[in-house]
Structure formats: C-alpha cells, structure tokens
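> give me the fold of what follows.
(one chain, ligands or ions: 1)
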Amino acid sequence: MKTSSELSGPAFDLKGFFNERHALIDGALDRLLPGESVDPVSVHTAIRWSVFAGGKRFRPILLLTTGEAFGAHPEKLLATACALEMIHTYSLIHDDLPSMDDDELRRGRPTCHIRFNEATAILAGDALQTLAFQTIAEESSLSTEKRVLLVSELCRAAGTPLGMVAGQAHDLEAESRAVTTGELEQIHRLKTAALIIAAARCGAIIAGATDPELEAVSRYAAQLGLLFQITDDLLDITATVEALGKTPGKDARAQKATYPSLYGIEAAHQRADLVHQEACAVLEQIDTPTERLRAIADYILKRDA
Ligand code: GRG
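Predicted coordinates for the structure are as follows:
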C-alpha cells in the first residue's frame, strides 16, 4: 500500500535527495577504484579523471531509489550502483574516441583521450568495465545467487545483441543513411534505455522484488530511458556548453537522426510529455511507495543538463 504521505504529503525534496545519494555514490566509487598512485598510474589516473569529472550519477541514483522503494537498505545497493556508473563511464570514454563520436569535451573537461592519449583512454574504459563486474562478484553483502543475477542483468544491458554495444553499433551504421522513427526508437532502446532499465531492475532484484514487480519496474524504466533520450536530443539543440559539459549541436552538424530532427521540436516535446505520463501510469500499478520514482521522471522531463 502507498503511505499517506505518498498520497497527500509535502512535495518531495528531489534535489536534496539527489545530492545526498550523489555524495554516497562518490564516496563508494572512491573506495572501490584503484588509487592514482597504484601502477599502472596512467590508467588509474585516467579512470579517476573521467569518473570524478562531475556526472549526474543518474543511473546509480535510479538504482538506489528503486531498491529503496522495495525496501532495500542503501548500503546493500551501493556496490552495484557504483558498478553501473563504472560501465556508464566506460561507455562515455569509448563513445568520445576519434573512431566513434570524436569528442573533445565531456562532463565539462577535456575527454579522456584528449587529456591522456587514445591507448590510455581505451584501457581506462576496458578496465572500468572489468572493475564493474569484479565489484559485483566480490560484494559480500549479497548472496552468490543475487550476484550472478546482477552480473547477468548488466551483461545483457551493456552488451549485445540487446544492449548498449548493439545500440552503439546500430547507431554508427545508421549515420550514413536515412532512419525511420521505428529504427530510431530501437537504437535508443538499446543504446540508452537498456542501461537505465538495468539500473531500476538491479535495485529491485537486490531488494527481492517479485517477478510481477520486476516486470512493472522494467516498463517504468523503459519509458524513463526513452524520455531521457528525447530530452538529451532536445538539450543538444537548446542547452549551452556550460550547462551540458559537452559540445552541443553535434547531432545537427552530423545530420544525425534525432527526435527533434524526425518529429520537429514541438512534437518531440509532446512525445516527451506522453512518455513521461506513461512512465507515471506504470508507477500507479506498483504497490510500494513510488513518490521518489515519480519525482525522477518529473526531473528527467524538465532537466536542463
Ligand atoms: C561505446 C559501447 C559504447 C556505447 C556508447 C553512452 C553512449 C553509448 C553514447 C553516448 C552518446 C549519447 C549522448 C547517448 C545518449 C544518452 C547518454 C548516455 C547521455 C550521457 O549520459 P548522462 O547525461 O551523462 O547521464 P553524465 O555525464 O551526467 O553521467
């Protein structure tokens, strides 16, 4: 049952909650990642350069929020949340490489290959990915069975044929030709939404959610992932380099298919509103306090970075 404060209580302070969880995640990442003085110094310095460059920590915060909604203590969720951020950061480092998106700015700083060099950036990404799975495999507060489930979940979401690597491959291949709205949605389902769905599911799995609950969480997070991508496309047009911490306008310059380029800006906003409503409608079907998950959907709809 939803609590009475869920139904009628004061508005939830999402910013305060985000800041608190952000600090918790950064503290844990600092403990989990090798120090800069550990050999090979170049790789560990590059890892920390990219991880602590000031990302929003959206995926690990979503994992914590979903897990807590189903009754798990943050301490039990933290290692997996950090693993997810490691995978996300590896994907950003590799996405920025000259052979992929060829970007010079990320999270308000020179990208990893610009600050160090290409080989170091590739190795930093590779190492972040293996550190992520090592972190989960060695998390002693979780049962062996749960650790295996979580590793499987993240491998599917980050890999191929139904995860982020597949989405990135489809995206690169689509750069040289016209893309339908259906294809665009499929690319983003894999490239962006898969990891966001995994974040919510991993939190729910750690908390011991039932299969129907997991299914509802997946539907909510699938809409959230789509919403995240639509707002990302819109921000590429409307936001400043200072707000984004990366170069805006790249999609248009690369003549990339995006929600605004295929639907138009106004229709992309309408699509975002609809997807947001669908995410919130799923939450109504979940019989546990979901106020914070709703606040996250509101934040993604209105975000300016
Ligand atoms: C290299 C296998 C591989 C995949 C790359 C992450 C990615 C896939 C591409 C980045 C391109 C992009 C803009 C994707 C859209 C959604 C996205 C991942 C945005 C960046 O995530 P944020 O906004 O970044 O959460 P911060 O820095 O806040 O963590």
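
> what about Asp126, helix or strand, and which?
helix 118-137 (DSSP states H and E).

> how far is that helix from where the chain is centred?
Taking the mean of its C-alpha atoms, helix 118-137 sits 17 Å from the chain's own mean (Cα atoms, centre = their mean, to the nearest Å).

> Gly167 is in contact with Ala194, isn't it?
Yes. Using Cβ atoms under 8 Å, Gly167 is in contact with Ala194, at 6.8 Å. For glycine as for every other residue, the C-beta is placed from the backbone atoms N, C-alpha and C.

> higher neighbour count, these two?
Applying other Cβ atoms under 10 Å to Gly167 and Ala194 shows that Ala194 carries more neighbours, namely 25 against 22.

> need the contact list for that one.
Arg156, Ala157, Ala158, Leu162, Gly163, Met164, Gly167, Gly225 (Cβ atoms under 8 Å, 6 or more residues apart in numbering).

> can we see that at 6 Å?
Listed by Cβ atoms under 6 Å, 6 or more residues apart in numbering, the contact partners of Ala194 are Ala157, Gly163, Met164.

> now stretch 86-99: buried residues?
Across stretch 86-99, burial judged by 16 or more other Cβ atoms under 10 Å covers Met86, Ile87, His88, Thr89, Tyr90, Ser91, Leu92, Ile93, His94, Asp95, Asp96, Leu97.

> ok, the residue nearest to the last one when sequence neighbours are not counted - how many residues close by?
Beyond its immediate neighbours in the sequence, the residue positioned closest to Leu97 (Cβ to Cβ, 6 or more residues apart in numbering) is His113, lying 5.7 Å away. Number of residues near His113 (other Cβ under 10 Å) recorded here: 24.

> contacts for the host helix or strand of His113 next, please.
For His113, the element it lies in under DSSP H and E is helix 112-115. Helix 112-115 is touched from outside by Ala46, Trp49, Ser50, Ile93, Leu97, Glu104, Ala121, Ala124, with contacts defined as Cβ under 6 Å, 6+ apart.

> for the ligand, give me its nearest residue in the stretch 51-200 of the chain.
Gly55 (3.0 Å; Cβ to the nearest ligand atom).

> select only the buried ones of the contacts of helix 112-115 in PyMOL?
Applying 16+ other Cβ under 10 Å to the contacts of helix 112-115 leaves a buried subset, and the PyMOL line that selects it is:
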select buried, resi 46+49+50+93+97+121+124
